[in-house]
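In: no sequence for this one, just the structure:
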């Protein structure tokens, strides 16, 4: 994978986080995931399920679902983000061709999961559902009533309000964002490795998860 990317003029190496991420997912699929005729899921360690969720129900009319990712140069290229996806290998055409490697298309690098762009392009009959992520930064000025209309529960609204009013929480830096995924069923503590357990943001996040698990 790295050699192919280098040939395209993009300099990546084994120490690059995206490269390591893709290698891990490729290893898991080749050694474990492809041995099943059932649904396979990929979920990052900093993503948390916060609502009752039936994978089979969400996939009854789809072969592949996941969070959509866009190319960095805004050329309109879409692919499935490596952080959260589910797919039914028994129903997918050419299942061995599906992987989540980085790739290059139309003059731009597609990050982790990028090869799903080519897979979906080469297999147009795949029933795919791409979900948009909802970052906290997209919700700072929404009223409680409007958030209810958007499907947020009162506990989630309370968490949003506390986080957005937190003076120590960085609301500008995109890689420190908190994001909702797949109809608010999953919460992503994006790049949580950059936060310490004692950080205000981490404390708010833990309290929210404890509240969800206890209730």
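Out: Arrived safely, thanks for sending. Note that the structure is a prediction, hence the values are computed from the model and not measured.
In: Okay, helices next: where are they in the protein?
Out: 2-7, 17-31, 55-58, 115-122, 144-149, 154-164, 200-214 (DSSP state H).
In: For this structure, which helix or strand comes out least confident on mean pLDDT?
Out: Ranking every helix and strand in the chain by mean pLDDT, DSSP states H and E puts helix 2-7 at the bottom, with a mean of 46.
In: re earlier: weakest of the helices of the chain by average pLDDT?
Out: By mean pLDDT, the lowest-scoring of those turns out to be helix 2-7, with a mean of 46.
In: How many residues are close by residue 188?
Out: By the criterion of other C-beta atoms under 10 Å, residue 188 has 23 neighbours. (Glycine included, C-beta is placed from N, CA and C.)
In: pLDDT score for the residue nearest to residue 86 when sequence neighbours are not counted?
Out: Leaving aside its chain neighbours, residue 86 sits nearest to residue 41 (4.5 Å; criterion: C-beta to C-beta, 6 or more residues apart in numbering). In this prediction, residue 41 carries a pLDDT score of 94.
In: dump the residue contacts of residue 41.
Out: The neighbours of residue 41, taking C-beta atoms under 8 Å, 6 or more residues apart in numbering as the test, are 55, 85, 86, 87.
In: same question, residue 90
Out: 37, 38.
In: quick check: longest strand of the protein.
Out: Taking DSSP state E as the criterion, the chain has its longest strand at strand 78-88.
In: Just want the angle from that one to helix 17-31.
Out: Angle between the axes of strand 78-88 and helix 17-31 is 30 degrees (criterion: axes from the mean of the first three to the mean of the last three C-alpha atoms, to 10 degrees).
In: For strand 78-88, name the packing helices and strands.
Out: Using 3 or more C-beta pairs under 8 Å, 6 or more residues apart in numbering; DSSP states H and E, the elements in contact with strand 78-88 are helix 17-31, strand 39-43, strand 64-70, helix 115-122, strand 128-131, strand 186-189.
In: Tell me which of those sits nearest to residue 49.
Out: strand 186-189 (5.8 Å; C-beta to C-beta).
In: Parallel or antiparallel, which strands does that closest one pair with?
Out: strand 47-49 (antiparallel), strand 178-181 (antiparallel) (DSSP bridges).
In: Return the member of these having the minimum mean pLDDT.
Out: Among the strands paired with strand 186-189, strand 178-181 has the lowest mean pLDDT, at a mean of 84.
In: Contacts for that one, please.
Out: 47, 67, 84, 131, 133-136, 156, 163, 186-190, 201, 205.
In: Just give me the neighbour total for residue 108.
Out: What residue 108 shows, counting by other C-beta under 10 Å, is a neighbour count of 16.
In: Verify the stated contact: it with residue 73.
Out: Yes - between residue 108 and residue 73 a contact is recorded at 4.3 Å, counting by C-beta atoms under 8 Å.
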